[in-house]
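Undergrad: Got a sequence here, can you build the structure:
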Amino acid sequence: MADSSMSARERQSPDSAGGSSVAFAAPGVGQPFDDEWRRWIAENLLVGATPDSLFAALQASGFAPHDCLREIQLALQSPYLRGAELLRNRLRKRDWILSIYRKLQRLHPETGTVERRDKLPRDQFLREYYSANRPVIITGMMEDWPALRKWSLDYFAANFGDREVEVQMHRNTSPDYEIRSDQHLGRIRFGDFVARVRDLGETNDFYLTANNDSHNRNALRELWDDIVQVPEYLRSDHPGGFFWMGPAGTVTPFHHDLTNNFMAQVIGRKLVKIAPSWDIPLMRNHFHCFSQVDGRVTPPLPRPAFEQPQVLECVLHPGEILFLPIGCLHYVQGLDITVTVSFTNFAFDNDFSSYYSCYCPV
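TA: Alright, predicted model coming up:
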């Protein structure tokens, strides 16, 4: 239980093997009884560990019995811990409410699929998907896009090859390439980037993403003349959009956005896995909007079994638009060379980020 070789984010409390509560790892054998150890005691008590199990784990880490007993008693008597318990209980109530939404939503006849709707009218989109926080693939709404006819690797290289673009580079050097995206910024001629996309095959090492939009919108400004803002759903008085391009094999790990989002596919196919917003407590959201669930494999089965997250899968094809609801966790993988345009400028209220304040470990 005090094995410091385990990852701090995988460490279970001494009592919770077989349960779903997780605390941080023990600081390590041989360290003094400092505030890191006191934090470890408090966190394990908060996730349900018993004093006896903590006593045994501390003894196994080399602490004298009287020191173990003293520190556990101090934690149990601490007004700070009692305050944290009140906050924990409030969070448990919110998790219970989310579990109610989860059970009710799974009664929906289409709960296990991402529906495809052709030329979905605005009022139905708002009523059945946008306000209901349900994903949907919309077809038939990009037929007037010049981009579907014009865009190709050859077109990009011939018309914009000398432009300098900003790209996420060397992503394979870090498992946290999305969390630390600012450390992977690089600039390259668009023609050279297109050649890499064309020639290097399947890779996740480089990707032109929305993180690069502040520079690339101006560098590739003529491309925006080739798209239509889909006025059925988007605001024409506030045009927007983000340009994504990468080789087959690009991966965006499970995360949630701070807005509702459209993904409009222009070139290639993308595999998308989606977990509903009410399943966030089951998806190991550990920092800001990111999840520890590996989207390349089936998410681990939480305990109890009925609390397993529901992960929907779909493949987005050229000419299709995927609606990603606010708060849903999603994983995106390029199956081919892909170009995507995403939008957040909906005709409906989409302000959720202005009161978001969770840019921290959770």
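Undergrad: Val272 is in contact with Glu313, isn't it?
TA: Yes. The pair Val272 / Glu313 is scored as a contact, 7.2 Å apart, by CB atoms under 8 Å. C-beta here means a position set from N, CA and C on the backbone, and glycine is covered the same way.
Undergrad: Find residues that contact each of these two.
TA: Both Val272 and Glu313 are contacted by Val114, under the criterion CB atoms under 8 Å, 6 or more residues apart in numbering.
Undergrad: which secondary structure elements does the strand or helix carrying Ala264 contact?
TA: Assigning secondary structure by DSSP states H and E places Ala264 in strand 261-267. Under the contact definition 3 or more CB pairs under 8 Å, 6 or more residues apart in numbering; DSSP states H and E, strand 261-267 sits against strand 320-324, strand 338-343.
Undergrad: In JSON lines: those strands, plus mean pLDDT and mean neighbour count.
TA: Written out in JSON lines, the entries for these read as follows (pLDDT from 0 to 100; neighbours: other CB atoms under 10 Å):
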{"stretch": "strand 320-324", "mean pLDDT": "98", "mean neighbour count": "22"}
{"stretch": "strand 338-343", "mean pLDDT": "98", "mean neighbour count": "23"}
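Undergrad: Dump these into CSV; add distance to Gln183 as well.
TA: Formatted as CSV, those follow (distance: least, CB to CB, whole Å):
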stretch, distance to Gln183
strand 320-324, 26
strand 338-343, 23
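Undergrad: Can you tell me which of these is nearest to Gly161?
TA: strand 338-343 (15.7 Å; CB to CB).
Undergrad: quick one: low-confidence parts of the stretch 1-150 of the chain?
TA: Within the stretch 1-150 of the chain, the segments meeting pLDDT under 70 span 1-31.
Undergrad: the helices in it, which residues?
TA: Along the stretch 1-150 of the chain, the stretches classed as helices by DSSP state H, counting those that start in this stretch are 35-46, 51-60, 65-77, 79-105, 122-125, 146-150.
Undergrad: just checking, which of these sits deepest inside the structure?
TA: helix 35-46 (a mean of 19; mean count of other CB atoms under 10 Å).
Undergrad: other SSEs contacting that helix?
TA: Against helix 35-46 (3+ CB pairs under 8 Å, 6+ apart) you get helix 51-60, helix 65-77, helix 79-105.
Undergrad: picking up where we left off before, contacting residues around the strand holding Ala264?
TA: Residues outside strand 261-267 that contact it (CB under 8 Å, 6+ apart) are 142, 145, 147-148, 151-152, 227, 230, 233-234, 270, 272, 316-324, 326, 332, 336-344, 346.
Undergrad: you'd agree Met142 is up against Leu148?
TA: Yes. In this structure, Met142 is within contact of Leu148 by CB under 8 Å, at 6.1 Å.
Undergrad: one step back: right, so of the helices and strands packed on strand 261-267, which gets closest to Asp192?
TA: Comparison of the helices and strands packed on strand 261-267 against Asp192 by CB to CB identifies strand 338-343 as nearest, at 16.9 Å.
Undergrad: quick one: the closest one to strand 261-267, angle?
TA: Angle of strand 338-343 versus strand 261-267, following axes from the mean of the first three to the mean of the last three CA atoms, to 10 degrees, is 150 degrees.
Undergrad: Quickly run through the sheet partners of strand 338-343, with directions.
TA: Sheet pairing for strand 338-343, assigned by DSSP bridges, gives strand 242-246 (antiparallel), strand 261-267 (antiparallel).
Undergrad: need the next SSE after the last one, C-terminal direction.
TA: Scanning forward in sequence from strand 261-267, with DSSP H and E defining helices and strands, the next element found is strand 270-275.
Undergrad: can you check the first one too?
TA: On the C-terminal side of strand 242-246, the closest following helix or strand by DSSP H and E is strand 251-256.
Undergrad: that older thread, which of Val272 and Glu313 has more neighbours?
TA: More crowded of Val272 and Glu313, by other CB atoms under 10 Å: Val272, with 23 against 12.
Undergrad: Show me the beta-bridge partners of that one.
TA: For Val272, the beta-bridge partners are Cys314, Val332 (DSSP bridges).
Undergrad: residues in contact with it?
TA: Residues counted as contacts of Val272 (CB under 8 Å, 6+ apart) are 114, 263, 313-316, 322, 324, 330-333.
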